[in-house]
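Q: Next one to model:
(chains A and B)
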Amino acid sequence: MTTQNDWKKYIIVFFITAILFASAFYVTNYLYNNKINQLKSIQDNISIDILSSETQFSLFQELSCKDVNNSVLSQEINNISDKINYSEKNFATDNTDIRYLKKYYSLLEIKDYLLMKKISERCGTKNSFVLYMYSPDPTCTDCVKQEYVLSLLREKYPQLRIYSFDYNLDLSAIKALISIYKIPANVPVMVINGKNYSGFKTVEEVEKIVPELKESLKIQETKPAGDNKKIL
Amino acid sequence: MASFGDIILYILVFLFVYVQVFFFVTFLENRKKIFVRNGNIKLTKYPTVTIIVSCWNEDKTIYKTVRSLLAIDYPKEKLKIFLVDDGSTDNTWNLMKSFEKYSNIHIFHKENGGKYTAINLGLEHLKTEFVACLDADSFVHPQALSRMMQSFLENKDIMAVIPATIIHNPTNFIQSIQKIEYFGSIFVKKMLGFLNGLPVTPGTLPIYRREVFDKLGGFRKAHNTEDGEIALRMHQHNLRIDYCHDAYVYTVPPNSLYKLYKQRLRWYYGYIKNLIDYKHLLLRPKFGVLSLLILPSGIISIFAVVVLFIVIVSKFINFFAEKIIKIQTIGFNEVLHLSKFDWFYFNIKSMSLILIVSYSLIIFSILVGRKMTENRFKPSFYIIFYMVTYSVIAPVWLLKAVYNAIVSESPSWR
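A: Purely as a prediction, here's the structure:
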C-alpha cells in the first residue's frame, strides 16, 4: 500500500509533468523557428529575384521590352504577405522576429514597386499599382475585410500589383511613402495609381476605380491559352 | 507576453495533467497487484453481511435487482437482505412483498424521506458484522460479495470496499459512451484505492464494517449525495476505503442526454456542496492524498474543464465569425476558391501538444479499465465519441452545478 504522504512521489510526478510541459514548449518553439526560417528563406529568394530583375532591366535597357521577364516575384510576394500576416496574428508569444521580417518584407515591396513602375513606364505595360495601408489591430474590421477583397483581386488580376504596409510600422521608408502620398491615418487606405481612397472598398468598387482590370480580363479571355504568362 | 487568461489556463492544465501523471505512476507502481480473479473463490470464513436496498418508485428494476441478490454466491444464513420502500407511489411495495417468503429477506415500508433515511432505517435493524447498500436499479455479479469480503479478510485496516460499477448492455448511444466513461472511472478508482483517496462510496454495493456506523453514526442528509458525505466523514476519521475492481455490479445508466445531465448535475452539485461542508479536509497532510491531491484536483478539474470549454468555444466563435465576414465580403464561392492548404498554416501550439498527452492518458485509463473488467485491451470508436461528446456536454453540467452551488439551488433527484 502507498504511504499516506509519499513526498518523493509528489516531487517525481511534478518533475515528470514539468518535463512534459517543457517538451511541448520546446517542440512548439522548434516549429516556430522553422516557420520563421522558412519566411526568411522566402524573403532571401525575393531579394535575389529583385536584384536579378533590376540587373536584368539594366542589361536589357537598350533592347526590347519583351526580354524583361515578369518572373514569379508577384506570387512570391503575395504568399509571404499572407504568411507574415498569419504569423503576426497567431504567434503571439514574441513578435520581434516577425516585426523584423515585416520590415524587411516592406522594403522588398517598395523595391519591387519602384522597379515595376520603371518597367511599366519604359515598356508601356498596363500594370496597376495599389499601395495598401492597414493596421494589424483586430479591432480594425474594415482592414480584415479589405484584405479579403485584395486577396481575391490578386488572384483574379495578376497584373494588379498590391503592396500592403502596416501603417504603424516603425520604418522610415513607410513614413516616406505616407508623406509622399499624403496618406491619412484612418486605415484602411489604398493608393491606387497614385490616388488615395479611404475606408473599405468592395471588389466591385475597386474594379470601378481601375476599369483597366476588367478590360485586361476580356483581352486575356480572347487570347489563346499559353500567352497569359508574360503579362507586364 | 502571454495574457493573464493564458497563464491561468496553463496553471490549471498543469495541475490537471499532474493528477493524471500521478495516477499513471501509481499504476506503474502497482500494476502487478492488478489481476482479475476468474471462477468462484472460497473464503477462509464468511462473515455475516446485510445488504440494504433502498427503493423509491423502482418497480421497473426492483425485481431483477432482488433476483440478482438471491443469486449471490454466499452462504444464505450469512446474508440478510433488507428491502426498504421509501414511500413509493408506484408498484414497488407490492413487488417487494412478493419476496417476503424468503427467510433472509426483510421488507420495510416508511414515509418518503430521502434515500439516506431509508438506509438509516435498515441500519437501525442491523445485526451483522458488515453492511452493504445497493440502489434498486443495480444488479450484482454472483461473485461480487465474496471478492469484496476477501479484501476485508486480508486487511483489517480496510473499513469499506467499493465494487466496480459496469454498464452491462447499453442500448443506445448515450449509454454506450457512458460505458466507456465507466471504464475510465474503474481505472481512476483503482488508483484511488491504492492511494486511499476514494472520495465517494457509490450506491452500487459499497460494503462497510459495522463499526463504521457505530463510530460515525448513520447517513446524513447531504445534498442528495449521501454516498459522498459518508466517504468524506470516513476520511475525516482516517477510516480506509478500498476498491475491488473485479467485483462487478451492473447498473442502468440514464438513457437520454437530459437524464444524464440531471444525474451529473446532482452528482457535481453534491460534490461541490460536500466539499464546502468538508473544506477542513483540504490541504491537510494528516488526511493524506485525498486532502493534498484528490479533493483539490476535483476543484481544479471543474475549473480546468470550464475554462478550457470557454476558450475552445470562443475560438470556434471567432473562427466562424471570421468565415462569415469573409463570405459576406467576397462571397461563398470565392472563399472556397481561395482556400488552399499549406503546412505553414497548420499551427501547433504547446497547449495542443499538452492536451494530446492528456487525452492519451485518458484513453490509456479507459483501455486499462476495460482490461480490468472485460480482460481485453480493445480500443473502440466509442472512446472518440465519448471524448468528443463529454468535451461539449460536461462543461454544461459543471457550470450549472457551480452556479447552483453558489445560489444553493438543489437539483432534483430525477
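Q: need the contact list for residue A:88.
A: By Cβ atoms under 8 Å, 6 or more residues apart in numbering or on different chains, the residues touching residue A:88 are A:95, A:98, A:102, A:136. Where you see a C-beta, it was placed from the backbone N, CA and C, and this is true even at glycine.
Q: Sorry, slip of the keys, the one I care about is residue B:168.
A: Applying Cβ under 8 Å, 6+ apart, the residues near residue B:168 are B:139, B:250.
Q: If you count neighbours, what's buried in stretch B:173-181?
A: B:174, B:175, B:176, B:177, B:178, B:179, B:180, B:181 (16 or more other Cβ atoms under 10 Å in any protein chain shown).
Q: Return the member of those nearest to residue B:10.
A: Taking Cβ to Cβ as the measure, residue B:10 lies nearest residue B:181 of these, at 26.4 Å.
Q: What strand or helix carries that closest one?
A: Element membership of residue B:181, judged by DSSP states H and E, is helix B:173-195.
Q: helix or strand right after that helix?
A: Next along from helix B:173-195, by DSSP H and E: strand B:204-209.
Q: Show me where chain B has its helices.
A: Here chain B has its helices, by DSSP state H, at B:4-30, B:62-70, B:92-97, B:115-124, B:144-154, B:173-195, B:210-216, B:226-236, B:257-277, B:288-289, B:295-330, B:332-338, B:350-374, B:381-407.
Q: and the longest strand seen in chain B, does that touch chain A?
A: What stands out as the longest strand in chain B, according to DSSP state E, is strand B:240-251. No - against chain A, strand B:240-251 shows no contacts by Cβ under 8 Å from any Cβ of the partner chain, the least distance being 8.8 Å.
Q: Would you mind listing the buried residues in that strand?
A: B:240, B:241, B:242, B:243, B:244, B:245, B:246, B:247, B:248, B:249, B:250, B:251.
Q: okay, these in a markdown table with distance to residue B:216 and pLDDT next?
A: As requested, these are exported to a markdown table (distance: Cβ to Cβ, whole Å; pLDDT from 0 to 100):
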| residue | distance to residue B:216 | pLDDT |
| --- | --- | --- |
| B:240 | 14 | 96 |
| B:241 | 13 | 97 |
| B:242 | 17 | 97 |
| B:243 | 20 | 97 |
| B:244 | 22 | 97 |
| B:245 | 26 | 95 |
| B:246 | 28 | 94 |
| B:247 | 23 | 96 |
| B:248 | 28 | 95 |
| B:249 | 23 | 97 |
| B:250 | 29 | 96 |
| B:251 | 26 | 94 |
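Q: how does chain A divide up, domain by domain?
A: If you go by automatic domain parsing, the domain ranges for chain A are A:1-123, A:126-232.
Q: what's the closest of those domains to residue B:162?
A: Per Cβ to Cβ, nearest to residue B:162 of those: domain A:1-123, 15.9 Å.
Q: and the closest one, how far out from the chain's middle?
A: Relative to the chain's own centre, domain A:1-123 is displaced by 10 Å; criterion: Cα atoms, centre = their mean, to the nearest Å.
Q: Would you enumerate the residues in contact with residue A:103?
A: Contacts of residue A:103 (Cβ under 8 Å, 6+ apart): A:169, A:171.
Q: and the gap between it and residue A:32?
A: Distance of residue A:103 to residue A:32, computed by Cβ to Cβ, to the nearest Å: 19 Å.
Q: what does residue B:79 give?
A: With Cβ to Cβ as the criterion, residue B:79 and residue A:32 are 65 Å apart.
Q: for residue A:136, same thing?
A: 18 Å.
Q: How about residue B:16?
A: For residue B:16, the distance to residue A:32 - Cβ to Cβ - is 25 Å.
Q: One more: residue B:227?
A: Per Cβ to Cβ, residue B:227 is found 49 Å from residue A:32.
Q: Tell me which of those two has more neighbours.
A: Counted by other Cβ atoms under 10 Å in any protein chain shown, residue B:227 and residue A:32 do not tie: residue B:227 has more neighbours, with 24 against 20.
Q: wait, isn't that one in contact with residue B:203?
A: Yes - counting by Cβ atoms under 8 Å, residue B:203 is a contact partner of residue B:227 at 5.5 Å.
Q: Those residues of chain A touching chain B, which are they?
A: Close to chain B, as judged by Cβ under 8 Å from any Cβ, chain A has residues A:1-2, A:4-5, A:9-10, A:12-14, A:16-17, A:20-21, A:23-25, A:27-28, A:31, A:35, A:38, A:83, A:86, A:90-93, A:141, A:144-145, A:148-149, A:151-152, A:155, A:202-203.
Q: Pull out the buried members of those residues.
A: Of the residues of chain A next to chain B, these count as buried by 16+ other Cβ under 10 Å: A:2, A:4-5, A:9, A:13, A:16-17, A:20-21, A:24-25, A:28, A:31, A:35, A:83, A:86, A:91, A:144-145, A:148-149, A:151-152, A:203.
Q: Lowest average pLDDT across the helices of chain B?
A: Lowest mean pLDDT within the helices of chain B: helix B:332-338, a mean of 69.
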